Each structure stands twice: as structure tokens, then as C-alpha cells.
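Asker: just a sequence and a predicted model for now, questions to come.
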Amino acid sequence: MPVAPLDHRTTGYRLETAYWLAKAAQAAYLEEDTARAALADWGFEEFRHVKTAHTAPFPLSDTQAYVAASDKMIIAAFRGTEPAQIRDWLTDVTTPPAPAPGGKGYVHFGFHQALADVFPEVRDAAQKFRTDGQSVWITGHSLGGALAMLAGSRLYFEEPRILADGVYTFGQPRTCDRTLAMAYNSALKNRTYRFVNNNDIVAQVPSEPVFTHVDTVKYFDAAGRLQDRPPLLDGLRDKAKGYTADMFAPASDGLRDHSMTAYLANLEKNLG
């Protein structure tokens, strides 16, 4: 069943909006010209691609993002990275955390560094394109989900104090400590939707209690059905179903569940 075109006047939470923001997050993996063409097909006349090499020692070689705008809507999308790569440096407990946006707690140093090199250009593009009070939406998958959440924090807690209309993330890792999570939830809880697909391995790192997730979670169960956070025992049973779905490769379930393709397939299933 075809999904309706993106409604640039959308407000609040809609599953159709989640689908298109997942597509926008997927487009962050594309080459600049290909991503520009895709967003133009969706009605976004303005486009700025940001790619910056890291200036300090860091496991990732670059961070990429784009900002696209129509006369009603602005989307900022951040690119993710390979699951094995992000898992390796997220489980490195020797790196001290970095100060969070607005001085509200701490964030994983890797996310802080990954965002630092691109945020000024992303912020400036959003300000330049926002000529008539357009709504602002931020999205990303994997590492990109963490950067989307932190970008939403910086836009609100620091200058220019833009309260994003929506922050939609897919397979986002734990990003910050409880201090920032609480401040973020107070400001953006009803504007943020963190999609988690069953046993997605990246959504389970880095470890608690140092790092935690922000609300609100939208969970795909082992059958791909979308629901709010399940009760603890039900969630554990459902994760077990996912692990046993492929008896020949149970360990790979967390990697399969992390793929952007899997998130989009589940969104389409729930829209059907």
C-alpha cells in the first residue's frame, strides 16, 4: 500500500510523519547530489549538505548531515555509522563524558565530538532557511539518532533557542546522563519519538547507569508490530522471540534489527 506524500504542514505525532522522517534519515547515507534530488522530489527547494572531518583524535573519520527546507517545513538529518564501529567505541569506558548542551549534565564524548564539528553549519542553515516560521524536524538513525537528539538539545538550551517541532530517531544509542535526560524530557518529551526495533544492539549501548535514554519510546516487537514501551516481562519475552526467530544465527538478530531497512519495513507494515 503506497504511503501518502509527506504533509509539510504536519504537527504532532503521526505515523506517516515517522515514515517520512525515517526516509529522511536514510537519505543522510546518500551522496550529496542524490540526497538533494530525493529531497527536491519531496518538495524541499533549499538544501545544504554538511560534511566535516574531525579535528581531534576520534574513531570516526567524519560526521555528515543535511538541512532541507520548504516554505512550511525544515528537516535536519544526521548520518549514522556501521553498527560494529559504533558499538566498539560506545563500550569503551575509558573515555570521560563531555559537558552536555546548556551545561545540563553530561553526554558521551564521542557524540559530543561528532556533533561539534557540524552543528554550527546545521544551526546556521536552519536559521537561514527559516524565513517564515517553518516547523523544524530533526532525525537520524544509529549515531545519527544520538546526534539528532543532541542537536535538538543545543537548539533549545543554547542559541538560537529553537524548540523543534519533532525529533524522531531510529536505533538511537544511550546518549546522555540522567540530568540531561530529565531536562530534555521536560522540554521535548511530547516532541521526541525514539523508535527501537526489538533486539536492536545499538539501542542497548553504552551501558547504564552512566548513560540513559530519553523518552518517548516507540517499540517494534518481534513481529514488527508498533507499540509503546511494553511491561518489563512482556518485553523480555518478546526479545526472546526475536533471538529465536533464526535458530541458525541468533547472535545476528541485534544487527539485523538495527538496519534502517528493517525500521522502514516495519513502519510500512504498520501503515498498511
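Answerer: Good, I have the coordinates.

Asker: P96 against F109, yeah?
Answerer: Yes: if you go by Cβ atoms under 8 Å, P96 and F109 touch, sitting 6.4 Å apart. C-beta here means a position set from N, CA and C on the backbone, and glycine is covered the same way.

Asker: and the two? Which one has more around it.
Answerer: F109 (16 against 8; other Cβ atoms under 10 Å).

Asker: tell me who's in contact with the more buried one.
Answerer: T95, P96, P97, A98 (Cβ atoms under 8 Å, 6 or more residues apart in numbering).

Asker: now with 6 Å?
Answerer: Going by Cβ atoms under 6 Å, 6 or more residues apart in numbering, F109 touches T95, P97, A98.

Asker: what pLDDT does it get?
Answerer: We have a pLDDT of 87 for F109.

Asker: related to what we said a few turns ago, make a ChimeraX selection of the buried ones in the contacts of F109.
Answerer: Only the buried entries of the contacts of F109 go into this ChimeraX selection, using 16 or more other Cβ atoms under 10 Å:
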select :97,98
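
Asker: and F47, how far from T10?
Answerer: To T10, F47 is 20 Å away according to Cβ to Cβ, to the nearest Å.

Asker: kindly report the same for L188.
Answerer: For L188, the distance to T10 (Cβ to Cβ) stands at 17 Å.

Asker: of these two, which one has the most company?
Answerer: Taking other Cβ under 10 Å, L188 and T10 do not tie; L188 has more neighbours (22 against 18).

Asker: work out for me the element the more buried one sits within.
Answerer: Assigned by DSSP states H and E, L188 falls within helix 178-188.

Asker: what residues does that helix touch?
Answerer: Against helix 178-188 from outside (Cβ under 6 Å, 6+ apart): A100, K104, G105, S153, Y156, T212, V214, D215.

Asker: out of these, which are buried?
Answerer: Buried among these (16+ other Cβ under 10 Å): A100, K104, G105, S153, Y156, T212, V214.

Asker: skipping adjacent residues, who's closest to the first one in space?
Answerer: The shortest distance from A100 to any non-neighbouring residue, by Cβ to Cβ, 6 or more residues apart in numbering, is to L180 (4.2 Å).

Asker: please apply the same query to the third one.
Answerer: Using Cβ to Cβ, 6+ apart and skipping residues adjacent in sequence, the residue nearest G105 is T179, 2.9 Å away.

Asker: now stretch 46-54: how far from the chain's centre is it?
Answerer: Distance of stretch 46-54 from its chain centroid, counting by Cα atoms, centre = their mean, to the nearest Å, is 17 Å.

Asker: tell me the mean pLDDT over that stretch?
Answerer: 89.

Asker: restricting to C-alpha, output that stretch in CSV.
Answerer: What follows is stretch 46-54, C-alpha atoms only, in CSV (Å, rounded to 0.1, in the frame of the first residue of the first chain):
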residue,chain,number,x,y,z
GLU,A,46,16.5,24.6,-0.2
PHE,A,47,19.3,22.1,0.7
ARG,A,48,22.6,22.3,2.5
HIS,A,49,24.9,19.3,2.9
VAL,A,50,27.4,19.3,5.8
LYS,A,51,30.5,17.0,5.9
THR,A,52,33.3,17.8,8.3
ALA,A,53,36.4,15.8,9.1
HIS,A,54,37.1,15.5,12.9
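
Asker: show me what counts as buried in it.
Answerer: The neighbour-count check on stretch 46-54 (16+ other Cβ under 10 Å) flags E46, F47, R48, H49, V50, T52, H54 as buried.

Asker: just put these in TSV and tack on distance to R174 and secondary structure.
Answerer: Formatted as TSV, the buried residues of stretch 46-54 follow (distance: Cβ to Cβ, whole Å; DSSP: H, G, I helix; E, B strand; the rest coil):
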residue	distance to R174	secondary structure
E46	33	strand
F47	31	strand
R48	29	strand
H49	28	strand
V50	25	strand
T52	24	strand
H54	21	coil
